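*Asks:* Structure for the following, please:
(chains A and B, ligands or ions: 2)
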Amino acid sequence: MRLLDVALAHLKLRKGRTAFLLLGMVLCLGTLVSFYLLTHSLQAEYHRQLEQTGIRLLVTPEGLETGDSYLGVPVGSPVRSSQVLLPKEYFQEIRQLEMTGLDLVSPKLVLASEVMGRQVLLCGLDLQLERALQDWWALETGDFPKNAEEVIVGFDLAGSLGLKPGDQVLISGKTYLVSGILLPAGRGEDKLFFKDWEEMMSLTGVEGISLMELRFQVPAQQGSEDLAVEEWISSLEANLTGVKVTRVIDEREARQELLMRISQFAGYGALIVFLLNWLMIAVAMMSSVKERVGEIGILRAMGYRQKHIIKIIMLEAGMITGVGGILGFAAGVFLGAFLIHLLGGAGMNWAWILWLFLPVQVLSWLIGLTAAGYPAYKAAQLDPVPALRQL
Amino acid sequence: MGLIKGIEISKVYESGGERVAVLHNISLTVEAGDFMALMGPSGSGKSTLLTILGALNPPTQGKLLVDGIDVYGLKQERRADFRSHYLGFVFQQFHLIPYLTAIENVMLPLAILPYSHQEQREKAQAVLEKVGLGSKLNRLPNQLSGGEQERVAIARAIVNQPPIILADEPTGALDTATGQEIMELFRELNREGLTIVMVTHNEETLHYVNKTVMIKDGVIEKILVKDDAP
Ligand SMILES: Nc1ncnc2c1ncn2[C@@H]1O[C@H](COP(=O)(O)OP(=O)(O)OP(=O)(O)O)[C@@H](O)[C@H]1O
Ligand SMILES: [Mg+2]
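*Replies:* Ligands and ions are numbered 1, 2, ... in the order given. Below is the predicted model of the structure:
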């Protein structure tokens, strides 16, 4: 017979209550662990995707009116003579800023022009750079241009003008060869002509940049992306006058990020469950002490010290939270694995889960310790004489 | 020399701002080997005196010496240790822990002492056999009769071999025949050397004791001593 056996016997007596408290622990730690795992896994997946695509920023002139847009970003109204452009020197200057992680800068100049009797948009860019940036860029037919005398045409525009690879097209008085037609992207670029940036500037005499796309390598530290982006943006805006910098987030990234935030948020929800669970255990232990006043009186009369009474109450709570901690952890891992599978996070990292085991156990012991602390103290403080009279 | 010496003990309870003086300047000596009864009308302070003798209830004034130890001079936790070694309590309502078996109830006083599980079991089984319950070790209290429960409570009180047993109306909840059996058991224990102080209402139980202390309104009215306790 140890004090542990006394606590255990009482737990067995109150099977329903014990099961209820255990369930609370499993729910509490289960949600906490599963959402923690899910958030971590989604973050890892998000990071992995960013490692592939890089983080992209868009540099545009400040204070644009709404007008035409490229990839959904306003580039002003190229039709007007008052079109706002960035100086073409910025292309060089950005690279001289020596920003950490910057690995690609692609300038674009978007101008309106009349081609085959139609008002169309021309986009001048460095095809080499642009293809590196948009690695999903692909052609429906034909080839990418071999030199500045060749152009590629957006899918919709090629359709409406009846252009195909090998055709000649007259732009601003100069004849170009259509080398290829882009695959439809369902976006703005389906309606554009693409030609060499430098060549376009010398052809039209308009010098400058409508927008520049920058690609950065994602910082190695997971979760520090937002901070890095903030730094890049403020550094760019400080060093280049008259620019506005925004981050480009494609749909897949946006979805991933949203999931991540929801999961994080759910984690906070689990904290509320956690508090409720703590309260439940505290209340249960308090009422357990109240209904056992006489019993505590008997034990004290028998020579039990206050610390023995504390030990019995603590052991009782400790067994619930200890066992609950293990069951809750297991439930959390299973639920987490299921959610990760469902929502497409990165695979579970088992070493990491093992690492998580100890903190969760410590946490559950802490729940027991703090929730039962006051009831145990109260029990120990009971005066045995009135306690015995209660019987 | 007296095993238990109460010296000028007074007790005042304070409840809700009201002071109730329950015991007035009581001095009482219990010799080793005594079987003493405390008698008196309801509310006269018998139970209060017993809990004071039992190191549970500090008197408002006065002193308690047991085996030369100034009991209420001890710190709380040391006083608990004192109870563990010197005293066994038996109460009217038996006071068994309902979710522990008979033998587990008897093992309780040993659970805080450095005995192995095996030693605890052997000691508990021995005293249960002594009180005639050797065949009902693993019954829960509610599977035992009142007399049997009282025997378990007695076994629990003596398992740690204390020199003193304090009993508050041990036969109060039992029928006459069963009460007599319990008194026989107490007499046997007393003859083996245990000192027993018992609160009782029952005149018949006085047949078993060698001293009777009559209490009324918190003072000792008289003490009857039998030289030839049967
Ligand atoms: N904690 C307390 N607070 C206030 N008054 C108390 C307290 N405990 C006991 N009393 C009062 O002290 C008096 C003596 O009580 P006690 O229990 O010692 O009497 P008793 O002789 O054992 O009576 P009974 O024969 O009915 O058991 C009673 O009037 C009781 O109401
Ligand atoms: Mg009484």
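*Asks:* Could you list the low-pLDDT ranges of chain B?
*Replies:* Applying pLDDT under 70 to chain B flags residues B:94, B:228-230.
*Asks:* can you pull out the strands in it?
*Replies:* With strands called from DSSP state E, chain B shows them at B:4-15, B:18-30, B:35-39, B:61-66, B:69-70, B:87-91, B:164-168, B:195-199, B:211-216, B:219-225.
*Asks:* Alpha carbons only: can I get the fourth one in PDB?
*Replies:* Meaning strand B:61-66. C-alpha atoms of strand B:61-66 as PDB (Å, rounded to 0.1, in the frame of the first residue of the first chain):
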ATOM      1  CA  GLN B  61      -5.000  26.600  27.900                       C
ATOM      2  CA  GLY B  62      -3.200  23.900  29.700                       C
ATOM      3  CA  LYS B  63      -0.700  21.200  28.800                       C
ATOM      4  CA  LEU B  64      -0.800  17.600  27.600                       C
ATOM      5  CA  LEU B  65       2.100  15.300  28.400                       C
ATOM      6  CA  VAL B  66       2.200  11.900  26.900                       C
END
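*Asks:* Report whether the expected contact of residue B:86 with residue B:163 is present.
*Replies:* Yes - using CB atoms under 8 Å, residue B:86 makes contact with residue B:163 at a distance of 6.1 Å. To be clear about C-beta, it is placed using only N, CA and C from the backbone, and glycine gets the same treatment.
*Asks:* for residue A:175, helix, strand, or coil?
*Replies:* The three-state label given to residue A:175 by DSSP: H, G, I helix; E, B strand; the rest coil is strand.
*Asks:* Now for it: which residues touch it?
*Replies:* By CB atoms under 8 Å, 6 or more residues apart in numbering or on different chains, residue A:175 lies in contact with A:168, A:169.
*Asks:* From residue A:150, how far out is it?
*Replies:* Going from residue A:175 to residue A:150 by CB to CB, to the nearest Å gives 11 Å.
*Asks:* Which one's more surrounded, residue B:86 and residue B:163?
*Replies:* The neighbour count for residue B:86 versus residue B:163, taken as other CB atoms under 10 Å in any protein chain shown, is higher for residue B:86 (21 against 17).
*Asks:* Spell out which residues belonging to chain B are near chain A, please.
*Replies:* With the criterion set to CB under 8 Å from any CB of the partner chain, chain B comes near chain A through B:51, B:54, B:56-57, B:76-77, B:80-85, B:87, B:89, B:91, B:93, B:95, B:97-100, B:104, B:107-112, B:117, B:120, B:156.
*Asks:* so what's the spatially most central residue of chain B bridging to?
*Replies:* By CA atoms, centre = their mean, chain B has its centre lying nearest to residue B:166, at 1.4 Å. Note on residue B:166: beta-bridge partners residue B:89, residue B:197, judged by DSSP bridges.
*Asks:* Run a quick neighbour tally on the residue nearest to residue B:152 when sequence neighbours are not counted.
*Replies:* Here the nearest residue to residue B:152 in space, its sequence neighbours aside, is residue B:102; by CB to CB, 6 or more residues apart in numbering or on different chains that works out to 4.9 Å. Using other CB under 10 Å, residue B:102 has 26 neighbouring residues.
*Asks:* Over to residue B:85?
*Replies:* Neighbour tally, residue B:85, other CB under 10 Å: 14.
*Asks:* same deal with residue A:295?
*Replies:* Neighbour count for residue A:295, taken as other CB under 10 Å: 24.
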